[in-house]
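*Asks:* Turn this into a structure:
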Amino acid sequence: MIRSTRSSACATALLGLALSALAATQASAASVLLISIDALSPDYVTKADSLGLKVPNLRRFLTEGSYAQGVRGVVPTITCPSHATLVTGVTPAKHGIYGNDPLKTDGYSAALCTFASDVKADALYDAAARAGIETGSVGWLNTAGATTVKYNLPHVEPYESEITVKYQEAMATPPGLLTGLEAELGGYYQDGTEAGSEIRTRFAKAIISRYKPGFMMFHIIAVDHAAHAHGPWSDEAKKAVEHEDAMIGQVIETALANDPDTIVAVTSDHGQAPITRAFNLRVPFVEAGLIELEPLVPGRQVKVRDAKVQVGGGASAAIRLKDPSDAATRAKVSQLLHALAADPQNGIDRIVEGADVEKLGGYAGASFVVGMKPGTVVGGDYFGSKLVDLPSVAGTHGYLPEQSIMNASFFIRGKGIEAGRNLGVVDMRRIAPTLAQALGVKLKDADQPSLPVFAAGR
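*Replies:* Here you go, the predicted structure:
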């Protein structure tokens, strides 16, 4: 009898502790709005005055919230892998999104940037749904088909024709969401310009005000579009930054009208670097006999007869061996790459090889990664000059993340967030755990700690 009473008392005490813990978690949870301004360098905000930029909504975060001086991204520093990391807290090697391969308008192919099922790690919207928090999204990557995003207009590229909107309508959830909103707000067809951001903003505001999701994601791309075309820090890129600041101001205002305690986080996926020339890395591989071409026919595309290696392009290039066990070819490639890197004119920053490639957390299956210096990218020509000047200054990303010009952004403010806190340079993988803490949920796969943005007692 005494044993039974003690057991009951113990069970009651344990239940009380569990309920207290649950109540504390629920008390600490908040509505969260996650905004991504594609390619927003933190300097556009932290150095706005010296750049002559008027970004009042973003500048408020510096005094009213906490912010990173820069966010060290993942490999590769491009859109889709980075956005998957922003919501999972893990590298591409763990979440499975390695590159930008959009849904083409001629069919459902190469769709890593589109479908939620391609993300192999637990995401914030999954954790929110498990906790009973309704989620919404406009323009977020890799969310099509996500059963855990209740109100969803997923990002779809490219916007080459109005048939893209048919894909959008088919993938929007719940069924009829997009067509219903279009009847009131006009067409959803858009491109990467400022006008496209205005359309996304209009639809995001409607979802927030009407459905009041506890976790909302919003992604706009005009800064990236302008910086690619004209270079970062160009007048066009600055104009896009000011425009996007106005757009997020509208979205934030709508969210705060629902819940004045909403925590708002503004992020980006990467920075941008100006580029002026291309290094055609395939040319020395052809000269070394590692790539064999069919006889050249004027006016026709170059055809590869045989290749012992596959050579990627961009600001960082992955080199994959046809036969990874071919030690002789591996040694020849290593010798060639290091010889090319020794000439500073080629613009190579460093060569990553062997076990160090895996440590990067991206470029699955690569035996080598060639990291370029900002200003130079790996071109795609197989013959001719190795170094080619570009016709005009453009912008790109994809450089290895230790290049500070690739730093992304993170700003956060709202109830319980410390004001005026400069976090320094932070790891991108820490953003998702921070937002999970704000939501009062737990991510299953994230292994990094949250950022110290919460005021004491939260």
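
*Asks:* Surely residue 445 is within a strand?
*Replies:* No - counting by DSSP: H, G, I helix; E, B strand; the rest coil, residue 445 is not part of a strand but coil.

*Asks:* For the residue nearest to it when sequence neighbours are not counted, which residues are in contact?
*Replies:* Excluding its sequence neighbours, the residue lying closest to residue 445 (C-beta to C-beta, 6 or more residues apart in numbering) is residue 121, at 4.3 Å. Any C-beta I mention is one placed from the backbone N, CA and C, and that applies to glycine too. Contact partners of residue 121, counting by C-beta atoms under 8 Å, 6 or more residues apart in numbering, are 84, 88-90, 94-96, 444-446.

*Asks:* what sits against the nearest residue to residue 124 once chain neighbours are set aside?
*Replies:* Spatially, and ignoring its direct neighbours in sequence, residue 124 is nearest to residue 87 (4.6 Å; C-beta to C-beta, 6+ apart). Taking C-beta under 8 Å, 6+ apart, we find residue 87 in contact with 34, 123-125, 140, 217, 432.

*Asks:* Greatest separation within the residues you listed: which pair is it?
*Replies:* Based on C-beta to C-beta, the longest span within the contacts of residue 87 runs between 140 and 432 and measures 13.1 Å.

*Asks:* so where is the stretch 351-458 of the chain shaky, pLDDT-wise?
*Replies:* By pLDDT under 70, the low-scoring segments of the stretch 351-458 of the chain are 457-458.

*Asks:* Helices of that one, start to end?
*Replies:* Counting by DSSP state H, counting those that start in this stretch, one finds helices in the stretch 351-458 of the chain at the ranges 355-359, 431-439.

*Asks:* Could you list the domains of this protein?
*Replies:* The chain breaks down into these structural domains: 28-272+403-439, 275-396 (assignment by automatic domain parsing).

*Asks:* With respect to residue 455, which of those domains lies nearest?
*Replies:* Using C-beta to C-beta as the criterion, the shortest distance between residue 455 and the domains of the chain is 5.1 Å, found for domain 28-272+403-439.

*Asks:* gap between the closest one and the chain center?
*Replies:* In this view, domain 28-272+403-439 has its centroid 8 Å away from the chain centroid, taken as C-alpha atoms, centre = their mean, to the nearest Å.

*Asks:* going forward can the numbers begin at 15, since that is how I track them
*Replies:* Will do, 15 is the new start, and the previous item becomes domain 42-286+417-453.

*Asks:* give me the low-pLDDT residue ranges for the stretch 65-214 of the chain?
*Replies:* Within the stretch 65-214 of the chain, the segments meeting pLDDT under 70 span 116-126, 171-176.

*Asks:* What segments of the stretch 15-164 of the chain are strands?
*Replies:* In the stretch 15-164 of the chain, the strands defined using DSSP state E, counting those that start in this stretch lie at 46-51, 80-81, 84-86, 149-152.

*Asks:* What strands flank the shortest one, and is each parallel or antiparallel?
*Replies:* Strand 80-81 has the following strand partners under DSSP bridges: strand 424-427 (antiparallel), strand 435-436 (parallel).

*Asks:* Now do that strand: everything it contacts.
*Replies:* Applying C-beta under 8 Å, 6+ apart, the external contacts of strand 80-81 come out as 56, 59-60, 75, 424-427, 431-437, 465, 467.

*Asks:* so where's the longest strand in the protein?
*Replies:* Under DSSP state E, the strand in the chain containing the largest number of residues is strand 401-410.

*Asks:* That one: partners in the sheet, and parallel or antiparallel?
*Replies:* For strand 401-410, the paired strands and their directions (DSSP bridges) are strand 287-293 (antiparallel).

*Asks:* Double-check that residue 352 belongs to a helix.
*Replies:* Yes - the assignment for residue 352 (three-state DSSP) places it in a helix.

*Asks:* how about the nearest residue to it, chain neighbours excluded?
*Replies:* Using C-beta to C-beta, 6+ apart, the nearest residue to residue 352 is residue 365, at 6.0 Å.

*Asks:* Residue 348 versus that neighbour, what's the distance?
*Replies:* From residue 365 across to residue 348, the span is 8 Å (C-beta to C-beta, to the nearest Å).

*Asks:* before we move on, back to that, winner for burial among the domains of the chain?
*Replies:* Burial of the domains of the chain is given as mean neighbour count (mean count of other C-beta atoms under 10 Å); domain 42-286+417-453 ranks first at a mean of 21.

*Asks:* still on that earlier bit, I'd say the residue nearest to residue 352 and residue 356 touch.
*Replies:* No - with contact defined as C-beta atoms under 8 Å, residue 365 and residue 356 do not form a contacting pair (10.1 Å).

*Asks:* can you list the strands paired with strand 80-81 in TSV and add distance to residue 158?
*Replies:* Listed next are the strands paired with strand 80-81 as TSV, based on distance: least, C-beta to C-beta, whole Å:
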stretch	distance to residue 158
strand 424-427	26
strand 435-436	36
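
*Asks:* Ok, which of those comes nearest residue 237?
*Replies:* Go through the strands paired with strand 80-81 one by one with C-beta to C-beta and the one that ends up closest to residue 237 is strand 424-427, at 14.6 Å.
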